[in-house]
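*Asks:* coordinates for the following, if possible.
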Amino acid sequence: MPINVPNLLTLLRILLIPLIVGVFYVPDAWLSDQAKNNLATGVFIVAAITDWLDGYLARKLNQMSAFGAFLDPVADKLVVVGALIVLLKLGRVDMVVGLIIIGREIAISALREWMATVGRAKSVAVAFIGKLKTVLQMLAIPLLLFEDLLFGVIDCYALGTVLIHLAALLTVVSMLYYLRRAQYFPKVK
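*Replies:* Residues are numbered from 1 along each chain as shown. As a prediction, this is how the structure comes out:
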């Protein structure tokens, strides 16, 4: 593994996952429910920022590597899946929504791996719809982790729920898009 700032940021993102999950296992005598929500939200936001920052720095500093290209999407998926599992446990995300998002991540990762082995990795490269799905997830998850009113007016739980449902819809659409790009599904005429 090349040791550089972008790869270290990716590794940091992976190391933050147990913190997002673990904070909810801290005894209530140590942290209130809202303090747990605040801490998990803050850690998730830091993880989301490192997702953007590691890619930016890799390009800016010309420190792109095959290892970084492999590890970055793995770290992204682990952070999202870890946070979704917490939200499922807390009852803040519907089981169907969680299964759709987690199932798609597994299926598309496997599809990309398979397409790479048959020399067609570019046919399932990240598309705009996949990026939009990720943006919606990265907005919805901290809102659902925070759960409370923001600035006394914004209902984070309600807004997060709407966004995570939109993300789930785009998750299905993007999965169909990638399957079609891989020519797994027949083209619609």
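*Asks:* what ranges do the helices span in the chain?
*Replies:* Along the chain, the stretches classed as helices by DSSP state H are 5-22, 33-60, 66-89, 95-117, 128-146, 156-181.
*Asks:* which stretch among those helices is buried most, on average?
*Replies:* Comparing the helices of the chain by mean neighbour count (mean count of other Cβ atoms under 10 Å), helix 128-146 ranks first with a mean of 20. Placement of C-beta: from N, CA and C, glycine included.
*Asks:* can I get the helices of the chain in JSON lines with mean pLDDT?
*Replies:* Formatted as JSON lines, the helices of the chain follow (pLDDT from 0 to 100):
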{"stretch": "helix 5-22", "mean pLDDT": "93"}
{"stretch": "helix 33-60", "mean pLDDT": "93"}
{"stretch": "helix 66-89", "mean pLDDT": "90"}
{"stretch": "helix 95-117", "mean pLDDT": "86"}
{"stretch": "helix 128-146", "mean pLDDT": "92"}
{"stretch": "helix 156-181", "mean pLDDT": "91"}
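*Asks:* what sits against residue 142?
*Replies:* Shown in contact with residue 142 (Cβ atoms under 8 Å, 6 or more residues apart in numbering): 41, 44, 45, 48, 160.
*Asks:* mind checking how far it is from residue 24?
*Replies:* Residue 142 sits 15 Å away from residue 24, going by Cβ to Cβ, to the nearest Å.
*Asks:* any idea which residue is closest to the centre of the chain?
*Replies:* With distances taken as Cα atoms, centre = their mean, residue 80 lies nearest the centre of the chain, 3.3 Å away.
*Asks:* excluding chain neighbours, what is closest to it?
*Replies:* residue 137 (5.7 Å; Cβ to Cβ, 6 or more residues apart in numbering).
*Asks:* then residue 51?
*Replies:* Using Cβ to Cβ, 6+ apart, the nearest residue to residue 51 is residue 76, at 5.8 Å.
*Asks:* correct me, but that neighbour touches residue 48?
*Replies:* No - checked against Cβ atoms under 8 Å, the pair residue 76 and residue 48 is beyond contact range at 9.2 Å.
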